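the following comprises the amino acid sequence and a computationally predicted model.
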Amino acid sequence: MTVRESKADQPRARPGRPRSEESRVAVLRATSELMLEVGVRAMTTEGIAKRSGASKATIYKWWPNKYAVAIEAFLSAMSAESADPDTGSAPEDFRRALRGMMRFYASPSGRVFAQLVGEAQFDSQVAAELRDRLVGSRRRLVRTIWDRGVARGELRSDVDPEVAIDLVFGPAMYRLVAGHAPLDDTAADAIVAVAMGGLAC
């Protein structure tokens, strides 16, 4: 997983001295590498500190726990893989965004992300971080695509946008967790095509 800078998706400010962007990127890169090597549960803050060169105290000043670091690392990767295409067509934007999401889910990083989703079922703090930081950010992106489509008269204005977002992007998470069907471009295109049958004007 490659960590890229994304100012719009940087985490909430925490008390203390402003952090160095160079150190932030180093911590996220180290976290990404360790998650791929040992998994989310086995990864430790000590390991992140050793690999990144940042102290544990510095990491805890910026993030409450290792899961919060992991979530930000995943958010950076997802933002790079599935950015807002803004092609001028809502169906095409959905198709490209879902393709990017599925490519991430199908990668080794996606399998590690599934571990984090599993941890969230047993840890309310992890669940809150995942929902508020990562899921919330991605849904805001998709809501932007939806609102543009409604404004252009491409999508139905009488449909609950939250339900519509679930219809288009929910299958990707289901396939990630259940593993019953492919996570590829062909699947993304087919899902969007079926969803647009009920959502397009």
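Structure's in. What do you need? Residues are numbered from 1 along each chain as shown.

which parts of this protein belong to which domain?
Domain assignment for the chain by automatic domain parsing gives 12-71, 81-199.

how about TSV for those, with mean neighbour count and mean pLDDT added?
No exception for glycine: its C-beta is placed from N, CA and C like everyone else's. Rendered in TSV, the data for the domains of the chain read as follows (neighbours: other C-beta atoms under 10 Å; pLDDT from 0 to 100):
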stretch	mean neighbour count	mean pLDDT
domain 12-71	17	89
domain 81-199	17	95
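
got the phi and psi for Leu155?
Listed backbone geometry of Leu155 is phi -120, psi 150, with angles given as degrees, to the nearest 10.

for the closest residue to it other than its chain neighbours, give me its contacts.
Residue nearest to Leu155 in three dimensions, not counting chain neighbours: Gly149, with 3.8 Å by C-beta to C-beta, 6 or more residues apart in numbering. Gly149 is in contact with 90-91, 93, 155, counting by C-beta atoms under 8 Å, 6 or more residues apart in numbering.

widest-spaced pair of those?
Maximum pairwise distance in the contacts of Gly149, criterion C-beta to C-beta, is 10.7 Å, between Asp93 and Leu155.

out of the contacts of Gly149, the closest to Thr58 would be?
Closest to Thr58 out of the contacts of Gly149 is Asp93 (38.5 Å), distances taken as C-beta to C-beta.

surely that closest one touches Ile145?
Yes - Asp93 sits in contact with Ile145 when judged by C-beta atoms under 8 Å, with a separation of 4.5 Å.

shared neighbours, the two?
Overlap of the contact sets of Asp93 and Ile145 (by C-beta under 8 Å, 6+ apart) consists of Asp84.

picking that back up, any chance of the contacts of Gly149 in JSON lines, with distance to Thr45 and secondary structure too?
Formatted as JSON lines, the contacts of Gly149 follow (distance: C-beta to C-beta, whole Å; DSSP: H, G, I helix; E, B strand; the rest coil):
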{"residue": "Ala90", "distance to Thr45": "42", "secondary structure": "helix"}
{"residue": "Pro91", "distance to Thr45": "43", "secondary structure": "helix"}
{"residue": "Asp93", "distance to Thr45": "38", "secondary structure": "helix"}
{"residue": "Leu155", "distance to Thr45": "44", "secondary structure": "strand"}
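
make sure Leu125 is actually in contact with Ile71.
To be clear, residue 125 is Gln; Leu isn't right here. No - in this structure, Gln125 is not within contact of Ile71 by C-beta under 8 Å, at 10.9 Å.

having no further points to raise, I will conclude here.
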